[in-house]
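**Student:** fold the following, please.
(one chain, ligands or ions: 1)
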Amino acid sequence: MTTPRSFKGTFFHAPVCGGIEVLRDTLIRCDAEGRILEVLRPDAPTYAEALSEERVAGRLETLPEGTYALPGFCDLHIHAPQWLQLGKALDVPLEVWLQKHTFPLEARYADLSFARRAYEGLVDDLLSNGTTTALYFATQHQDATRLLADICLTKGQRALIGKVAMDNPEQCPDFYVESTDAALRGTKAFIDHVRSLNSDLIKPVVTPRFIASCTDAALEGLGDIARRCGCHVQTHCSESDWEHNYVLDRHGREDTDSLDRFGLLTRHTVLAHANFISDANMQTIHDRGAGVAHCPLSNYYFSNAVFPLKRALEKGVRVGLGTDISGGPSASIYDNMRWAVASSRALHDGVDARLHWDNRGIRDSQIDWRTAFYLATKGGAEALDLPVGSFEPGRYFDAQLIDPQAPTGTIRLMDDLDSDADVLQKIVYTASKANIARVWVAAQCVVGSV
Ligand SMILES: Nc1nc2[nH]cnc2c(=O)[nH]1
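**Tutor:** Numbering: from 1, shown residues only. This next block holds a predicted model:
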């Protein structure tokens, strides 16, 4: 609990998919928990009085002239331990990458000092990239996963964290596999631990890594834990040819149906990727109210296909964006907004120039930057069912301040040429870490200084 805060400045947000709103010279009042109480534009009858009240009470932060506040990003798919592998090992298929590079790296998190070095750096990196909410896969290790929760709490990042469950000796190496009992007990113990922290910022997540890495007994047990504890669930779904076909061979059905059968497809499930889902499975995802973490950059390296994003949005599936560190070699949701637009264009146009335009791509698959901005902010929040992602009453003030004039920044604005929408479009397409001057979570400054 802190004191109430308020902010005056220019805010951009996307309250609905495909639409943006500009709040110029607006006053946003928050309560002591950092939730937005009121959004007052200059033409509101109570604006002047409220402004002076906040000023006199010493609660007002006036954002510097020429800066813009955006909602903080929700990154719906991060492998926390893989941060050390960002930009490496991108030239082999998923199944080789996991066995040769990723599992050996993750096994090292048995060492807590190794884990601390990585997790401190990761959380700092994400916060300074504007990511205020992170959905994390950790590792199998109880202690290192608890450490990640502690670090997020200390640094002030909103985080949903899962101890990874993987007990299938046929798919997991002997140096990085656990018993079914350890997977289930460990998951439950981590949930209890996080809940004992009594923090609104950190939530536990039931995390079967993917169907291949889990036995049916573990999947069943994890479904049961998710139901009893009312937790979020995260897993990978129909990511690549190999992975999708593995599940078809083993269970005779797609990942989505299989997860559903184990009680793992709920209103609080986030499926990473979902590239190969059939229309029927997309309908099932919609009907269960589950969300999808679309990871466009990672998909270029590991997925053999492009997620049918537009089709999913038209069906009403809740979708947000994920970096998929380190399948995607960038910790930035800005990069992933750009890749979401670009990959949707590739899907729309098709990529084989030898084919006639008429049958080269899948028509009407493209999205624009407005939709990408929604996915990165409120779309991600909706998929997680968290009150963040936009500047609306009742939501937490999780935000990032963009300074287009930052000396080493990458945004080029022209006062006389750029409309408000142009400014936001330029931010979406060209902002970099150097332009992110300040970041707040629940109205508390976590990056930059006030
Ligand atoms: N991209 C990706 N896919 C996976 N499937 C199972 N584990 C992983 C992982 O760590 N990254």
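
**Student:** show me which residues of this structure sit near the ligand.
**Tutor:** Selection of the chain residues close to the ligand by C-beta under 6 Å from any ligand atom yields 79, 94, 98, 102, 209-210, 236, 239, 298, 302, 324, 327. To be clear about C-beta, it is placed using only N, CA and C from the backbone, and glycine gets the same treatment.

**Student:** try it again with 8 Å
**Tutor:** Within the chain, the positions adjacent to the ligand are 79, 82, 94, 97-98, 102, 137, 209-210, 212-213, 236, 239-240, 243, 272-273, 295, 298, 302, 324, 326-327 by C-beta under 8 Å from any ligand atom.

**Student:** now the residue in the chain that the ligand sits nearest to. Nearest residue, chain neighbours left out?
**Tutor:** For the chain, the residue closest to the ligand is residue 327, as judged by C-beta to the nearest ligand atom, at 3.4 Å. Using C-beta to C-beta, 6 or more residues apart in numbering and skipping residues adjacent in sequence, the residue nearest residue 327 is residue 298, 3.6 Å away.

**Student:** tell me, how many residues neighbour the one you found?
**Tutor:** Neighbour count of residue 298, defined by other C-beta atoms under 10 Å: 27.

**Student:** again with residue 271
**Tutor:** Residue 271: 30 surrounding residues under other C-beta under 10 Å.

**Student:** can you give the distance of whatever helix or strand it lives in from its chain's centre?
**Tutor:** Using DSSP states H and E, residue 271 falls within strand 269-273. Distance of strand 269-273 from the chain centroid (C-alpha atoms, centre = their mean, to the nearest Å) equals 10 Å.

**Student:** now do stretch 55-71
**Tutor:** The chain centroid and the centroid of stretch 55-71 are separated by 26 Å under C-alpha atoms, centre = their mean.

**Student:** next, the distance between the ends of that stretch.
**Tutor:** Stretch 55-71 has an end-to-end distance of 23 Å (C-alpha to C-alpha, to the nearest Å).

**Student:** could you do stretch 159-178 as well?
**Tutor:** Start-to-end span of stretch 159-178 (C-alpha to C-alpha) is 25 Å.

**Student:** in that stretch, what counts as buried?
**Tutor:** 159-168, 171-172, 176-178 (16 or more other C-beta atoms under 10 Å).

**Student:** which residues touch the spatially closest residue to residue 60 that is not a sequence neighbour?
**Tutor:** Spatial nearest neighbour of residue 60, excluding adjacent residues (C-beta to C-beta, 6+ apart): residue 54 at 4.1 Å. By C-beta atoms under 8 Å, 6 or more residues apart in numbering, the residues touching residue 54 are 6, 8, 27, 29, 60.

**Student:** quick revisit: and of the buried residues of stretch 159-178, the nearest to residue 434?
**Tutor:** Relative to residue 434, the closest of the buried residues of stretch 159-178 is residue 159; by C-beta to C-beta it sits at 24.5 Å.

**Student:** can you tell me which of the buried residues of stretch 159-178 are in strands?
**Tutor:** Here DSSP state E is the test, and those give 159-162, 164-165 as lying in strands.

**Student:** so residue 248 touches residue 256, yeah?
**Tutor:** No: contact criterion C-beta atoms under 8 Å: residue 248 and residue 256 do not qualify, at 11.6 Å.

**Student:** sorry, back to before: sitting in strands, which of the residues of the chain next to the ligand do you find?
**Tutor:** Filtering the residues of the chain next to the ligand for strands - DSSP E - leaves 79, 137, 236, 272-273.

**Student:** could I get those residues in CSV, plus columns for pLDDT?
**Tutor:** Converted to CSV, these look like this (pLDDT from 0 to 100):
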residue, pLDDT
79, 98
137, 99
236, 98
272, 98
273, 98
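
**Student:** of those residues, which is the most crowded?
**Tutor:** residue 273 leads these on contacts (other C-beta under 10 Å) with 30 neighbours.

**Student:** that residue: what's it in contact with?
**Tutor:** 236-239, 292-295, 298-299, 303, 307, 324.
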